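**Student:** need a 3D model of the following:
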Amino acid sequence: MARYTGPKERIERRLGEKLFLKGERSYSPKAAIIRKPYPPGLHGKKIKNRKFSEYGLQLLSKQKVRNIYKILEKQFRNYIDESLKSKGDSGETLVQNLERRLDNVVFRMGFSDARDKARQLVSHSHFLVNDRPTNIPSFRVRIGDIVKVKPQNLKNNYFSSFLPQYTKKYQPPSWVEFDKETFVGRVKNLPNLPESGVEHKDVQAIIEFYSR
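**Tutor:** Coordinates of the predicted model:
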């Protein structure tokens with residue numbers, strides 16, 4: 001499946017907001033949006049206090065959320081259509097469905113410090129979901145699902161060296177649990193908007209954008 005492979009921090013500078021696309025680097029002073037807090041390009045430094053129309057703000061919200069979850073427009077539109085057809089709150093349903101993607105769940109549990117890396121780990125068949133090999137990043141997990149590393153892959157340098165150090169300081173959201181000794185995670189509940197990191201105003205703007 002096609003995906004964006006360009007500079008990730010350039011996206012953050014263009015949107016004017018830190019989206020934590022680079023894992024631990026995003027929390028450090030080395031983050032591009034901290035070193036260069038202006039849009040990329042020749043005239044980036046001259047662009048200050050940009051004003052957007054209502055349409056422009058809705059488009060900005062869509063680009064932010066789409067880039068957070070690392071999905072392209074066509075797939076994002078499918079999530080929107082499904083959410084609009086749901087019986088519950090469309091915005092809440094949208095966030096729940098995005099959060100329950102396997103690549104995001106792997107990231108949320110603490111198997112990875114960035115969604116891009118989580119997607120790569122899933123695509124390379126490192127995980128079992130309910131003891132079944134699953135390598136589809138968009139696979140949607142359900143409450144009670146168990147996610148764990150394939151036993152034969154635990155000797156991989158990433159899982160034997162990086163992961164134990166990273167998980168020591170990582171705290172997963174309340175809707176998932178993760179055993180830092182066995183590297184086994186479980187989905188406890190449905191995701192919620194506050195812990196997703198997505199702002200309510202952005203979700204509302206997206207729903208309004210696609211409800212035209």
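**Student:** what about the helices in this protein?
**Tutor:** Using DSSP state H, the helices found in the chain span residues 8-15, 32-35, 54-68, 73-85, 90-99, 102-109, 115-123, 157, 163-168, 193-196, 200-210.
**Student:** so residue 88 versus residue 114, what's the distance?
**Tutor:** For residue 88, the distance to residue 114 (C-beta to C-beta, to the nearest Å) stands at 30 Å. No exception for glycine: its C-beta is placed from N, CA and C like everyone else's.
**Student:** and for the residue nearest the centre of the chain, nearest residue in space, chain neighbours not counted?
**Tutor:** With distances taken as C-alpha atoms, centre = their mean, the residue of the chain nearest its centroid is residue 69 (3.6 Å). The spatially closest residue to residue 69, leaving aside those adjacent along the chain, is residue 98, at 5.0 Å (C-beta to C-beta, 6 or more residues apart in numbering).
**Student:** how many other residues sit next to the one you found?
**Tutor:** As a burial measure, residue 98 scores 22 neighbours (other C-beta atoms under 10 Å).
**Student:** ok, now which ones touch it?
**Tutor:** Going by C-beta atoms under 8 Å, 6 or more residues apart in numbering, residue 98 touches 65, 69, 79, 104, 196.
**Student:** and the first one, how far is that from residue 204?
**Tutor:** Which is residue 65. Residue 65 is 11 Å from residue 204, where distance means C-beta to C-beta.
**Student:** compare the two and say which is more crowded by neighbours.
**Tutor:** Taking neighbours as other C-beta under 10 Å, residue 65 and residue 204 compare with residue 65 leading, 23 against 14.
**Student:** show me what contacts the more buried one?
**Tutor:** Residues in contact with residue 65, defined by C-beta under 8 Å, 6+ apart, are 76, 98, 198, 202, 203, 206.
**Student:** most neighbours, which of these?
**Tutor:** Neighbour counts for these, by other C-beta under 10 Å, peak at residue 206, which reaches 27 neighbours.
**Student:** out of the helices of the chain, deepest packed?
**Tutor:** Greatest average neighbour count among the helices of the chain goes to helix 102-109 (a mean of 25), per mean count of other C-beta atoms under 10 Å.
**Student:** and it, what does it pack against?
**Tutor:** Under the contact criterion of 3 or more C-beta pairs under 8 Å, 6 or more residues apart in numbering; DSSP states H and E, helix 102-109 touches helix 90-99, helix 115-123, strand 127-129, strand 146-149, strand 176-179, strand 184-187.
**Student:** not counting the shortest one itself, show me its contacts.
**Tutor:** Identification of contacts with strand 127-129 by C-beta under 8 Å, 6+ apart yields 102, 106, 111, 121, 133-135, 139, 141, 145-150.
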